[in-house]
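>>> Got a predicted model here, sequence first, then my questions.
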Amino acid sequence: MTEQGTEQDTKEQDQSRGMRLAYYPGCVSKSTGKEMDLSTRAVCSALDIALEELEDWNCCGATHVANDLISVGLAARNMAQTDLPIMTPCAICYSNLRSAARCMDEPTVRAKVNAALTKKYSGAQVKHVLDVVIDALSKDPDKVAVPLTGLKVAPYYGCLMTRPRGGIDSPEYPTILEKLIRYLKADPVNFRLKTFCCGGPIFTTEQQAAEDVAYQILSEAKKAGAEVIVTLCPLCHLMLDAKQKSLETKRGETFGIPVLYVTQLVGIALGLGPDELGLNMNSVSPVPIIDKVYESMT
Amino acid sequence: MAEIGKDKDAGFLKEVVRLAGPEVRTCIQCGTCSASCPTASLMDKKPRQIIKMVLECRKDEALSAKSPWFCTSCQACVVRCPRGINPRAVMSAVREICEHEGRVPKDLSYDEIFQRQVRENGRVSELQISGEYALANPKSTVQAMELGLEMVPRRKISLERVKVKRPEEIERIFEELGKA
Ligand code: SF4
Ligand code: SF4
């Protein structure tokens, strides 16, 4: 059996110009993932995509709601708030919405869940911002005003971006992020641990285990020669960026690898400014790579 | 330690099946889940072994294992299991049963705090969760402060109390779907 990168590619052909989406920011966008939210809004605006924040959205439960039916209920309540396609920049929210939409195809589940909801769920189209950005850029490659020529980027999918199966790309060997990196004229490095979990969901409770996992990923990125790691999830970002310095101290190793949200990397290539992209909010400063990018232009 | 055979509890398998799906019964013990698991090397009992305990109704052993708390819910096992089983859901079912029976290994479970916040407010604030968790589990304070030092100067901590407009709907989701 072979897994092809295009296997589950079922996305519809949206009109990127004048496109309207419901925007589900997720809880962390108000705190540790502020730059994710900022850069998502900035990049979408630069790509002429209008975002309407989802009415009265609630937490998706992340990975902490053990009861699957409650999880489905939480996600379904969000999805029932709009008729527009729903976009989120968070891989965990994305995975939860997608799983829930699948479960809600089962009539008995739908009936049970809808009985608890005020606005009833009647189907939804769920997208990750990566989906939306790659679509827009494939239609309008000229939007890349600042090509990231020669920049070595580690494409880090983490776990939930492609799981469960049936989403944006193959859960075993996704390549969509590499495709995006090439659109930006940067070079994706061969990143062996690209779908390995970051350990984030257990970092508070099982610190050692979570740090072991994050350390492996950073070491692998370093070995692969990455100058920057790109992430699709605020928890991956936290583990690799905010915890990088303390991991360096504890393990006696230097990484110094900036970790950017995909929307921050795309934003740089669209020529957006550091404030718009929240670049000063990253723990490991991305200034060296920005300098490199602009130097290579002159 | 549990005495093997003494703790057989047929209701345990039923409860896990209810929470994680009937496919569990078809496990062939191939070990693909364990081999795919990012934290298996740190687990006392691997995912495959937990599933075996469930199938053999060895409740006490399963609830004594630390590994369900090491599960990150990454779903690597889910996409690879040749029997279409959801080992992640088995891990969380075991955690949920531990919670119901008051057998959480830590003083207060993170999942419990997280869920309580979602249930009360419809949204979560990371600051409040880690604060509450640190109070109950003082060992985690160092890590929380370490992270605070990264987040506070970058204004990535929110003091705002967030709540959805219709919390009663969230309560219904927990109440009605929790027992369904
Ligand atoms: S991968 Fe599936 S069939 Fe194999 S041991 Fe794990 S649960 Fe059982
Ligand atoms: S979901 Fe849990 S048990 Fe399954 S591979 Fe991931 S960490 Fe391991």
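Noted; the coordinates are in hand. Ligands and ions are numbered 1, 2, ... in the order given.

>>> what about residue B:137, distance to ligand 1?
Separation of residue B:137 from ligand 1 (Cβ to the nearest ligand atom, to the nearest Å): 31 Å. All C-beta atoms are positioned from the backbone trio N, CA, C, and that covers glycine.

>>> Compute the number of surrounding residues for that residue.
By other Cβ atoms under 10 Å in any protein chain shown, the residues close to residue B:137 number 17.

>>> Count the neighbours of residue 80 for me.
I'll assume chain A. Neighbours of residue A:80 using other Cβ under 10 Å come to 20.

>>> let's do chain B instead
Neighbours of residue B:80 (other Cβ under 10 Å): 17.

>>> Using the three-state scheme, assign the residue of chain B most remote from its centre.
Most distant from the centre of chain B: residue B:153, at 32.0 Å, with distances by Cα atoms, centre = their mean. Of the three states, residue B:153 takes helix under DSSP: H, G, I helix; E, B strand; the rest coil.

>>> do residue A:293 as well
Three-state call for residue A:293 (three-state DSSP): helix.

>>> Neighbours of it, how many?
Number of residues near residue A:293 (other Cβ under 10 Å) recorded here: 21.

>>> For it, which non-adjacent residue is spatially closest?
If the residues on either side of it in the chain are set aside, residue A:293 comes closest to residue A:148, at 5.4 Å by Cβ to Cβ, 6 or more residues apart in numbering or on different chains.

>>> Spit out the contact partners of the one you found.
By Cβ atoms under 8 Å, 6 or more residues apart in numbering or on different chains, the contact list for residue A:148 reads A:184-186, A:265, A:268-269, A:293.

>>> The residue of the stretch 151-298 of chain A found nearest ligand 2: how many residues sit nearby?
Going by Cβ to the nearest ligand atom, ligand 2 is nearest to residue A:197 of the stretch 151-298 of chain A, at 6.1 Å. Neighbourhood size, residue A:197 [other Cβ under 10 Å]: 28.

>>> Might you report the residue contacts of it?
With contact taken as Cβ under 8 Å, 6+ apart, residue A:197 is in contact with A:158-159, A:213, B:38-39, B:72, B:74, B:76.

>>> Need the max-distance pair from those.
Of all pairs drawn from those, the greatest distance, 14.3 Å, lies between A:158 and B:39 (Cβ to Cβ).

>>> ok, the two, which is more surrounded?
With neighbours defined as other Cβ under 10 Å, residue A:158 and residue B:39 compare such that residue A:158 has more, 27 against 22.

>>> near chain B, which residues of the stretch 151-298 of chain A show up?
The stretch 151-298 of chain A comes close to chain B at residues A:159-160, A:163-165, A:171-172, A:195-197, A:199-210, A:212-213, A:238, A:242-243, A:245-246, A:280-281, A:283, as judged by Cβ under 8 Å from any Cβ of the partner chain.

>>> Restricted to helices, list those.
Per DSSP state H, helices hold the following members of these: A:207-210, A:212-213, A:245-246.

>>> roughly how far apart are the residue nearest the centre of chain A and residue B:74?
Central residue of chain A (Cα atoms, centre = their mean): residue A:232, 2.2 Å from the mean position. According to Cβ to Cβ, to the nearest Å, residue A:232 and residue B:74 sit 14 Å apart.

>>> what do you get for residue B:147?
Noted for residue B:147: a distance of 21 Å to residue B:74, by Cβ to Cβ.

>>> Show me which of those two is the more surrounded one.
residue B:74 (27 against 22).

>>> number of nearby residues for residue B:104?
By other Cβ under 10 Å, the residues close to residue B:104 number 16.

>>> One more: residue B:41?
Close neighbours of residue B:41, defined as other Cβ under 10 Å, add up to 12.

>>> List every C-alpha atom in the host helix or strand of residue B:51, with coordinates, as CSV.
Take DSSP states H and E as the rule and residue B:51 turns out to sit in helix B:47-55. Extracted in CSV, the C-alpha atoms of helix B:47-55 (Å, rounded to 0.1, in the frame of the first residue of the first chain):
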residue,chain,number,x,y,z
PRO,B,47,-0.6,0.8,24.6
ARG,B,48,-0.8,-2.8,23.4
GLN,B,49,-0.5,-4.0,27.0
ILE,B,50,-3.2,-1.7,28.2
ILE,B,51,-5.5,-3.0,25.6
LYS,B,52,-4.8,-6.5,26.6
MET,B,53,-5.6,-5.7,30.2
VAL,B,54,-8.9,-4.2,29.1
LEU,B,55,-9.7,-7.3,27.0
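
>>> Check whether that helix comes near chain A.
No: with Cβ under 8 Å from any Cβ as the criterion, chain A is not reached by helix B:47-55; the gap is at least 13.4 Å.

>>> right, and the helix or strand after that helix?
helix B:59-64.

>>> is any part of that following helix close to chain A?
No: no part of helix B:59-64 sits near chain A under the criterion Cβ under 8 Å from any Cβ; the closest distance found is 13.6 Å.

>>> can you pull the alpha-carbon coordinates of that helix into PDB?
Output in PDB follows, covering the C-alpha atoms of helix B:59-64 (Å, rounded to 0.1, in the frame of the first residue of the first chain):
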ATOM      1  CA  LYS B  59      -9.200  -3.400  35.700                       C
ATOM      2  CA  ASP B  60      -7.100  -2.900  38.700                       C
ATOM      3  CA  GLU B  61      -3.900  -3.400  36.700                       C
ATOM      4  CA  ALA B  62      -5.000  -1.100  34.000                       C
ATOM      5  CA  LEU B  63      -6.000   1.700  36.400                       C
ATOM      6  CA  SER B  64      -2.700   1.300  38.200                       C
END
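
>>> related to what we said a few turns ago, from the residues of the stretch 151-298 of chain A next to chain B, which would you call buried?
With neighbours counted by 16 or more other Cβ atoms under 10 Å in any protein chain shown, these contain buried members at A:159-160, A:163-165, A:171-172, A:195-197, A:199-207, A:209-210, A:212-213, A:238, A:242-243, A:245-246, A:281, A:283.

>>> would residue A:229 count as being in a strand?
Yes: with three-state DSSP as the criterion, residue A:229 is located in a strand.
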